[in-house]
Structures are given as structure tokens and as C-alpha cells.
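*Asks:* below: sequence and its predicted model.
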Amino acid sequence: MNIKNVLKLFSLILLCSLGTKTLADDVWIAQRLLTQLGYSPGPADGLYGRKTRAALDTFYEDQGSIFDGNLDQNEIDLLRKVSGTEGKLLLDVESKPKGVLSSSKTRKLWNAYKVASQCFEHPTYGKGNGIKINVLTTDQLKDNPWTDPFTPRTATSENVSAYPNPPQPLITVRLNESYGSRDTRIDNAAGWFRSAATALRRGMNAEKKEEIVAVLKNWAENDALKSGINVSWGSKSVDWQAMVLISSILTTTAALSSDLLDADRIVIGPWLNRLVGKVASSHWKDRADNEGIYDGIHYHALGLNGI
């Protein structure tokens, strides 16, 4: 093969690779909308297979038309129009998430820890001396970085920013499982994401928001926290410190939800789904600290499994 043919082949491969991401985004959006409309395109994986094609054929038949086989912006526009999602984000931040404890079960769980002297001595499994738990007022919690990210806050500055040095993705975590030990890398990353979420709620300009989105995408593209976040004992649950970091990431993502593009969601969403799934499958029995963190992660995952 001469050099001219090699260059032609290279150009063809490059053109194909440049078009793959756009097509994958369109396919993913189409799959989401088809599913909402009651069709069966298969999983929303961005892959244009037989099920997705068949669902589009059926959709167009129901519209009194014929699908030409080309999935592009025209199809997306029609699907959005029929589904009533024109100008709307493909993200549900209103519905109550599945599995949330009822008010009575929440009270029962909370009251149990009012008589536990420490996290090891739940009254169901061991006798403990009662301790008094002080409930903080709304004013005391007002500036807490864990404030509900869905509650709008009055902007204090357009230039509020997070910590200056974004954390690099932690691909593999090597836990020190000695009681009370901490991984400073996890602590620093969790602190950065919490700071970012607080700054976002208080007001941040578009450029700073893009920087935070870039950090999230970098972590997602590198499949951060891929391994090493589970303890080695018991049911091998996700370590509590890793749970705090995951909750911090979810809080930041929630605060950014209205600014994320579909192209951002297709990168960040599946990664967060895997992390939340690992936490959801963890069993911490009745440890107050970890159960509380799990409930927080479950809450902040509201709608984010669809991003």
C-alpha cells in the first residue's frame, strides 16, 4: 500500500471517529425519549442496534410516517415534540426516589440512636447508656456545606470559586482499615467537591461552572474509584470515607444539574450509576454514621441515575 492510500485510509478512520461521539449522543437521547413514550429501544447505551431501529420504525408508523433509517437532530426534535420535552432537560429532579424510608420508619431509626452510647451499641444488638442528641436549628445549618442543593440560595458573588487545585481522579483506592484511619487523598477530594457545591449554590459564573464540569467529566472518563473502595471484612461494603466522597460528588452534580448538557450526562451518568449501585448494595446493618451517609447518597441521587 503506497503512502497516498495510507493517508486516505487514515483520513477515513479519523472522520469515522469524529462522528461516533455525536451519533452516540443522539442515539442515547433517542433511546431515553423512546422509552419515556412506551417504546422498547433496549438499554440507553448510545449503541444504534436492532431494537433501537425497530422502536424508531414503530414510532414513525404511529406518527403516520416512515423512518428513513438516519438518526439525527430531526428525529430528536420530533421525539422531544411528541414527548413534550422540548426545551427541557432529560433529568427528573421532582419525583420521589424509590426506596426512601417512610416517616414512621425514619423516626424509629432515628430514635434508636438516642439511646446508643456509641455506634457499636445499638439497643437492638447491645445495651448502652442513653446520651442526649442536640438538634441544630435552621439558622445553625444555614451555611453548612451539606445544605439541600435543590434549595435556591441568594448569590453572594459571581466569582465565588472552589478550592484552587482540582483533585486528580482516584482510580484505585488503597484503604487503611485500622479503626479511625483516614486517607488524606479522599478527604481532600471530598472537601473540594463540597466546596464546589457550596460555591455553585451561592452563585458562580459560567466559566467557573465549566471548570467544575470538566473535573467531573475527567473523573468519569477515568472511571475514578473503580476499585479499592470496599472494606475486606463482613459483606465487603463500601468504606465509609469513600461513601462521603461519593456523596460529595453527587452533591456537586446535583448543584450543576441545570447546567449539564446531554453530552455531559452521557459521560457522567453511567459512572455515577455504578458508584451509587455499589453503595446501595452495601450492608452496614445499623451503624448510625454509615446509614446516615447512605440515606444522603440515596437522596442526592434523586434523578441523577438518568443523567
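*Replies:* Thanks, I have the structure now.

*Asks:* now do Trp271, the pLDDT please.
*Replies:* Reading off the per-residue confidence, Trp271 sits at a pLDDT of 93.

*Asks:* which SSE is the residue lying closest to it once chain neighbours are set aside in?
*Replies:* The shortest distance from Trp271 to any residue other than its chain neighbours is 3.9 Å, reached at Ala220 (CB to CB, 6 or more residues apart in numbering). In short, each C-beta sits where N, CA and C put it, glycine included. Take DSSP states H and E as the rule and Ala220 turns out to sit in helix 206-221.

*Asks:* what residues of the helix or strand hosting Thr52 count as buried?
*Replies:* Using DSSP H and E, the secondary-structure element containing Thr52 is helix 50-62. With burial defined by 16 or more other CB atoms under 10 Å, the residues of helix 50-62 counted as buried are 51-52, 55-56, 58-59.

*Asks:* got the buried residues for stretch 190-201?
*Replies:* Of the residues in stretch 190-201, those buried by neighbour count under the rule 16+ other CB under 10 Å are 190-201.

*Asks:* closest to Trp271 among these?
*Replies:* Nearest to Trp271 among the buried residues of stretch 190-201 is Phe193, at 14.0 Å by CB to CB.

*Asks:* so what's that closest one closest to, chain neighbours aside?
*Replies:* Taking CB to CB, 6+ apart as the measure, Phe193 lies nearest to Ser248, with 3.9 Å between them; neighbours along the chain are not counted.

*Asks:* CA atoms only for the helix holding Thr52, dumped as PDB, please.
*Replies:* The C-alpha coordinates for helix 50-62 follow below in PDB (Å, rounded to 0.1, in the frame of the first residue of the first chain):
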ATOM      1  CA  ARG A  50     -31.800  -3.500  16.000                       C
ATOM      2  CA  LYS A  51     -34.100  -2.800  19.000                       C
ATOM      3  CA  THR A  52     -33.500   1.000  18.700                       C
ATOM      4  CA  ARG A  53     -34.100   0.900  14.900                       C
ATOM      5  CA  ALA A  54     -37.300  -1.200  15.400                       C
ATOM      6  CA  ALA A  55     -38.500   1.200  18.100                       C
ATOM      7  CA  LEU A  56     -38.000   4.200  15.700                       C
ATOM      8  CA  ASP A  57     -39.800   2.400  12.900                       C
ATOM      9  CA  THR A  58     -42.800   1.800  15.200                       C
ATOM     10  CA  PHE A  59     -42.700   5.400  16.500                       C
ATOM     11  CA  TYR A  60     -42.700   6.800  13.000                       C
ATOM     12  CA  GLU A  61     -45.600   4.400  11.900                       C
ATOM     13  CA  ASP A  62     -47.600   5.700  14.900                       C
END
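
*Asks:* so what does that helix touch, helix or strand wise?
*Replies:* For helix 50-62, the elements it packs on are helix 3-36, helix 73-83, judged by 3 or more CB pairs under 8 Å, 6 or more residues apart in numbering; DSSP states H and E.

*Asks:* try 7 Å
*Replies:* Under the contact criterion of 3 or more CB pairs under 7 Å, 6 or more residues apart in numbering; DSSP states H and E, helix 50-62 touches helix 3-36.

*Asks:* one step back: and the buried residues of helix 50-62, which is closest to Ser257?
*Replies:* Thr52 (26.0 Å).

*Asks:* what does the pLDDT read for that closest one?
*Replies:* Spelled out, the predicted local distance difference test score at Thr52 is 91.

*Asks:* do the same with the one 4 residues further on
*Replies:* Per-residue pLDDT puts Leu56 at 93.

*Asks:* nearest residue to it in space, please, no chain neighbours.
*Replies:* Phe67 (4.9 Å).

*Asks:* OK, contacts around the one you found?
*Replies:* Phe67 makes contact with 56-57, 60 under the criterion CB atoms under 7 Å, 6 or more residues apart in numbering.

*Asks:* just Val267 next, same as before
*Replies:* Residues touching Val267, when contacts are defined by CB under 7 Å, 6+ apart, comprise 217, 220-221.

*Asks:* tally of neighbours for Ile171?
*Replies:* Using other CB atoms under 10 Å, Ile171 has 13 neighbouring residues.

*Asks:* check contacts around it.
*Replies:* By CB under 7 Å, 6+ apart, the residues touching Ile171 are 222-224, 226.

*Asks:* can you do 8 Å?
*Replies:* Residues counted as contacts of Ile171 (CB atoms under 8 Å, 6 or more residues apart in numbering) are 222-227.
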